[in-house]
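1. Have a look at this prediction, sequence included:
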Amino acid sequence: MALLEIKDLTQRFGGLIAVNDFSVTMEGRELNALIGPNGAGKTTVFNLVSGFYQPTTGSITINGVDTRGMKPHQVTSLGVARTFQNIRLWNDMTVLDNIRVSQHYRLGYSLADALLRTRRYADREAAIERTAMELLEFMGMKDLANEFPPNLSYGIQRKVEIARALSTKPKLLLLDEPAAGLPSTDVVELIKLIEWIHKEFDLAIWMIEHQMTVVMSLCQWIKVIDFGATIAEGTPEDIRNNPTVIKAYLGDEAI
Amino acid sequence: MLETVIQQALNALQLGSYYSLIALGYCLVYGVLLLINFAHGDIFMVGAYIAFFAATYIMGQHALIPPNSPIMVKLVFAGFFALIVTAAVSFAIKKKPQAPGRKNYSYPAILGGIFITVTAAIYYWGQGMKLETGADKILVFAVTMPLTMILTSVVGVFIERVAYKPLRLKGANRLYVVITALMMGIILEYGNLSLLGTSRLSYPTLLPRVVFDVAGAKISITKLTAIAASFLMFALLQWIVTRTKLGMAMRAVSYDKFAVPLMGIPLDAVIVFTFFLGSSMAGMAGMLYAMNFPVLDPFMGALVGWKAFVAAVVGGIGDIRGAFVGGFLLAFLEVIVAAVFSSELRDLISFTILLGILTWKPTGLFGKPKTTKI
Amino acid sequence: MGNRITVPAALCALLFLMVAMPHVGLLGQYGVTFLCTMGIYIILSASLNLVNGYMGEFSCGHAGFMAVGAYTSSVAGVFLFVPDQVFGQPWLPMALTPFAFPIILAAGFIAAALAGLVVAVPSFKTRGDYLAVITLAASYIIKSAIENVEAVGGPRGFAGMGKIVQGMDSMAPIPWMLVWIFLGVTFTIWILRRFVYSTYGKGVMAIHQDEVAAEIMSVNTNKMKLIAFMLSSGLAGLAGGLYAYLISFVNPASFTILRSTECLVMVYLGGMGSLSGSVLSAIVFAILLEFLKPLEQLKWVAIPLLLILLMQFRPEGIMGNRELSDVFPKLKRFYRFK
């Protein structure tokens, strides 16, 4: 059973077709990319997968579960986590709290437990805290646990956001332009980080990225879309030499 | 039957015109600053009082200062009115930038001239004339209306400068500004109460008691004025916001308050103008309201104001058409409920319907849903 | 583990003082009433802070939920214990009042929490200023609905609760209302603190700071909103019930916009998302109200003026979003408060 299966996905916003007849299958453990010019509909695909939009037609199944009609938090509990183009951390919460709250779907206790402070509450809360601290330690950010996100550099905030996504224990991690706004030195770090996550956390990663260094050095399979429609897919080598892709990015004269 | 329907429709139109005028003020300020100016309903009340004092003063009835008080007192009072008029004029004609080092006396000269003329005019008017005839009273109406609008807007702008602007500059949470507005409203209500006591003032009749006959239904000229005024103001506002440069600046501020000064738009002037417009319309509504329901009390603005605010939101706050339509919608709802059921159930049913509309269309009738960009 | 008992011990001591002091003449009727009013303000302010502070919505209809609680508790009490023209003969003897009173209050809590649904359900789709209007309209609807129910006296109001308080007094001569209000305040703070300090309740803050991120990071935002609104309005109902019995009379005119405004002022004065701030500001507000009473009408000019000035100097409220123990970390050594 495939981890993610998107079949003939189409999304319309009024007259605009943002995603057109889009299909993709991921078995698990891949590191793929979705690229395309600005406004091609890449983020829309991610929004559809994470349940933020409901598709006009087509289906998305995650581990065999059809996600149509599901709210984003339900999709997340199926094992899909994501980051955002512009970082969306909870700025008035510490890094640790950011990561604790992201485990909301598997808190394992109810409101009554929280109010009565039952045994289960104490056990689970301790476990959540432990998981969060372990994750932070594993990612080398243990000292940042009590910092507030706005006090951290942009690169570190990105890393915290990725850690937050990982804390939902995803099987599929969607990264929406992880390198956006990072200086080139940090991009090298980021490439290493993503590679390391992919290896250590046993998950599939699907990313949107504009920086070709990132995409070409990391990804096994690249899908290119323009105006919502798939125009090419293949290995980095194929994409690099594909005339349709070059045309979409650079225009007719470039060929 | 038809007669009753038309009569009720006319009543609703009249009631709606006050709601709409107030709602337009809410909407303007909200549209530009994203601030719910909760003091607006009370500015409407202040407008009604200003209209009262202005009219009685001009008519020589001197509500604040008795007719036999010394000349100096009357002059000072007249001078105070004139000062405010002059300040408003000076704001309107704003000094043009000029070469440094060159002194230009024409600006102060014009203002001084206006000041002296208005003082004298108001003084002699209040002193000598016995305004008895209908034509004179129409004249009083014609003078009182702009005077009320200007004075009320001075109050509105003053509140903005003193209470809202410092908070805005400090970058306080938007809701703190809203709370400050709530507080300002209470201050206006209770300040008025402690200043003038609980005595209810009754507004003099200014317009002739002419009653028109519309297919059996009756409408007085006062009511007709209110309806006409609200439509006129709506058209004027729509024109200002969509067709003029100032309106363009206002829309720009509502999109991005931070980018606007960088583009060379005087942010402060735009905000002041917005409050000026909004409050002057509240003043106008206050005066028209006082003419139709001629008993003034300090809390008259609270209920009407809140209702108008709800109406503005149901119409789609931030959109002028929405506020205008919302005001009339609420009025028609209220009149229909009162006619079909009973007037005790008026608030209950009309608010329930409005709540239903908002639940069904969360951004109001004309509001555009804000799309969250991810 | 000595610090674990500090708070319960302090609370018991306070309770003891409250019962004992009127007996030895240290606390007169005036003082008792003042403390009761303050307690009700604390409940109102702390409960509204959950929605307006922690969740960042702008609910301006708190008085409406208070009214629901007040009327429900009143009717429940009168129905059970007092002979009434509308509700007939009492069902239970007066001797049971001290035991039944928590149930009466709970009825108010539950009714108000259910009324909170009127606001909670639209909040799934609506945010910000539109939701503010919904809360406003809801409070108007509630007030107007009560005015139209003849059984509870319509606009004239409803009385009879005084007999129940007298009944409790005849059982044991202690300041019953003060004790109940004290317990109500303790319950409110206790429940709110436990809620907002749990990872579960922190979902509410996540909604405030970024709702999209909250939803995508597996927080069930609709459920959290439902809980926050119902808890907040339920506690307002509790305050309403206590208020009704404190003054032995309720009428719709007690639950106007001005009441909601008071609640709002206390929340923002204390600081959004600070429980100790809400408590502090409620105390300050109650003292101000009492202190400025001689000014009569001018009171309502002086208080807003003071508050506006205060906001100019501290535009984030007294405490900002911090707690007392964040400002004075040494306090943590003395107590553990769960």
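-> Yep, it's here.

2. and residue A:159, how many neighbours does it have?
-> For residue A:159, the neighbour count with other CB atoms under 10 Å in any protein chain shown is 22. Placement of C-beta: from N, CA and C, glycine included.

3. Do a quick rundown of the strands in chain C.
-> With DSSP state E as the criterion, chain C has strands at C:158-159, C:249-250.

4. thinking residue A:40 is in contact with residue A:225, fair?
-> Yes: Residue A:40 sits in contact with residue A:225 when judged by CB atoms under 8 Å, with a separation of 5.0 Å.

5. rewinding a little: what's the least confident stretch among the strands of chain C?
-> Comparing mean pLDDT across the strands of chain C, the lowest value falls on strand C:158-159: a mean of 88.

6. what's that strand packed up against?
-> On a contact count with 3 or more CB pairs under 8 Å, 6 or more residues apart in numbering or on different chains; DSSP states H and E, strand C:158-159 meets helix C:62-81, strand C:249-250.

7. Contacts only, for residue C:267.
-> Contacts for residue C:267 (CB atoms under 8 Å, 6 or more residues apart in numbering or on different chains) come out as C:45, C:48, C:49, C:52, C:53, C:278, C:281.

8. What's the per-residue pLDDT of the third one here?
-> Reading off the per-residue confidence, residue C:49 sits at a pLDDT of 93.

9. Wondering if stretch B:154-164 reaches chain C at all.
-> Yes: Stretch B:154-164 comes into contact with chain C (CB under 8 Å from any CB of the partner chain), by way of residue B:163.

10. mind checking how far residue C:23 is from residue B:109?
-> Residue C:23 sits 79 Å away from residue B:109, going by CB to CB, to the nearest Å.

11. Also residue A:118?
-> Per CB to CB, residue A:118 is found 82 Å from residue B:109.

12. Find the nearest non-adjacent residue to residue 186, please.
-> No chain was given, so I picked chain A. Using CB to CB, 6 or more residues apart in numbering or on different chains and skipping residues adjacent in sequence, the residue nearest residue A:186 is residue A:155, 4.3 Å away.

13. The chain in question should be chain C.
-> For residue C:186, ignoring the flanking residues on the chain, the nearest one in space by CB to CB, 6+ apart is residue C:11 at 6.1 Å.

14. what are the ranges of the strands in chain B?
-> Listed in chain order, the strands of chain B (DSSP E) span B:201-202, B:211-214, B:217-220, B:295-296.

15. I'd like those strands as TSV, with mean pLDDT, mean neighbour count and distance to chain C appended.
-> Listed next are the strands of chain B as TSV, based on pLDDT from 0 to 100; neighbours: other CB atoms under 10 Å in any protein chain shown; distance: least, CB to the nearest CB, whole Å:
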stretch	mean pLDDT	mean neighbour count	distance to chain C
strand B:201-202	80	14	17
strand B:211-214	80	11	32
strand B:217-220	84	17	29
strand B:295-296	85	16	17
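
16. Reformat those strands as a markdown table; add distance to chain A.
-> What follows is those, written out as a markdown table (distance: least, CB to the nearest CB, whole Å):
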| stretch | distance to chain A |
| --- | --- |
| strand B:201-202 | 50 |
| strand B:211-214 | 44 |
| strand B:217-220 | 44 |
| strand B:295-296 | 46 |
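
17. out of the ones you listed, which comes closest to residue B:174?
-> Between residue B:174 and the strands of chain B, the shortest separation by CB to CB is 32.8 Å, and it involves strand B:295-296.

18. and the closest one, which strands flank it?
-> Applying DSSP bridges, strand B:295-296 is found paired with strand B:201-202 (antiparallel).

19. which residues sit against the strand it pairs with?
-> B:49, B:52, B:63, B:294, B:295, B:296.

20. The second one: what's it in contact with?
-> Read that as residue B:52. Counting by CB under 8 Å, 6+ apart, residue B:52 makes contact with B:63, B:201, B:203, B:290, B:296.

21. do that again at 10 Å, thanks
-> Residue B:52 makes contact with B:63-64, B:144, B:148, B:201-204, B:286-287, B:290, B:294, B:296, according to CB atoms under 10 Å, 6 or more residues apart in numbering or on different chains.

22. Determine which of the helices and strands packed on strand C:158-159 approaches chain B most closely.
-> Among the helices and strands packed on strand C:158-159, the nearest to chain B by CB to the nearest CB is helix C:62-81 (11.1 Å).

23. residues of the top helix by length along chain A that come out buried?
-> Longest helix in chain A, counting residues (DSSP state H): helix A:119-138. Residues of helix A:119-138 classed as buried by neighbour count (16 or more other CB atoms under 10 Å in any protein chain shown): A:121, A:124, A:125, A:128, A:129, A:131, A:132, A:135, A:136.

24. and it, average pLDDT?
-> Mean predicted lDDT for helix A:119-138 stands at 93.

25. pLDDT below threshold where in the stretch 51-200 of chain C?
-> Residue ranges of the stretch 51-200 of chain C with pLDDT under 70: none are present.

26. picking that back up, please pick the buried ones from the contacts of residue B:52.
-> Buried members of these, scored by 16+ other CB under 10 Å, are B:63, B:144, B:148, B:201, B:203, B:204, B:286, B:287, B:290, B:294, B:296.

27. So which of those belong to helices?
-> Among the buried ones among the contacts of residue B:52, the members falling in helices (DSSP H) are B:144, B:148, B:286, B:287, B:290.

28. show me what contacts the residue lying closest to residue C:169 once chain neighbours are set aside?
-> Among residues not flanking residue C:169 along the chain, residue C:176 sits closest, at 6.2 Å (CB to CB, 6+ apart). Residue C:176 makes contact with C:19, C:97, C:98, C:101, C:164, C:165, C:166, C:167, C:168, C:169, C:245, according to CB under 10 Å, 6+ apart.

29. Near residue B:244, how many residues? Count them for me, please.
-> Residue B:244: 11 surrounding residues under other CB under 10 Å.

30. Ramachandran angles for it?
-> phi -100, psi 160 (degrees, to the nearest 10).

31. Surely residue C:168 is in contact with residue C:180?
-> Yes: assessed by CB atoms under 10 Å, residue C:168 is found in contact with residue C:180 at 8.8 Å.

32. got the residues of chain A near chain B?
-> Within reach of chain B by CB under 10 Å from any CB of the partner chain, chain A has these residues: A:13, A:43-44, A:46-47, A:50, A:52-53, A:82, A:84-86, A:88, A:176.

33. do the stretch 201-338 of chain C as well
-> Contacts of the stretch 201-338 of chain C with chain B, taken as CB under 10 Å from any CB, map to C:211-213, C:216, C:256-258, C:260-262, C:264-265, C:267-269, C:272, C:295-309, C:311-317.

34. Among the residues you listed, name the buried ones.
-> Looks like those have C:211-213, C:216, C:256-258, C:260-262, C:264-265, C:267-269, C:272, C:297-305, C:307-308, C:311-312, C:314-317 buried, using 16+ other CB under 10 Å.

35. Now, those that are in helices?
-> Those of those mapping onto helices are C:211-213, C:216, C:257-258, C:260-262, C:264-265, C:267-269, C:299-305, C:307-308, C:311-312, per DSSP H.

36. still on that earlier bit, please identify which two of the residues of chain A next to chain B are farthest apart in space.
-> The span of the residues of chain A next to chain B, defined through CB to CB, is set by A:13 and A:88 at 21.4 Å.

37. Buried residues in the helix ranked longest in chain B, which are they?
-> Assignment by DSSP H gives helix B:2-33 as the longest helix of chain B. Judged by neighbour count using 16+ other CB under 10 Å, the buried positions of helix B:2-33 are B:6-8, B:10-33.

38. What of stretch B:138-147?
-> For stretch B:138-147, burial by neighbour count (16+ other CB under 10 Å) applies to B:139, B:140, B:141, B:143, B:144, B:145, B:147.

39. Can I get these in a markdown table including distance to chain A and pLDDT?
-> Shown next, in a markdown table, are the buried residues of stretch B:138-147 (distance: CB to the nearest CB, whole Å; pLDDT from 0 to 100):
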| residue | distance to chain A | pLDDT |
| --- | --- | --- |
| B:139 | 55 | 76 |
| B:140 | 55 | 78 |
| B:141 | 50 | 83 |
| B:143 | 52 | 79 |
| B:144 | 50 | 84 |
| B:145 | 46 | 87 |
| B:147 | 49 | 85 |
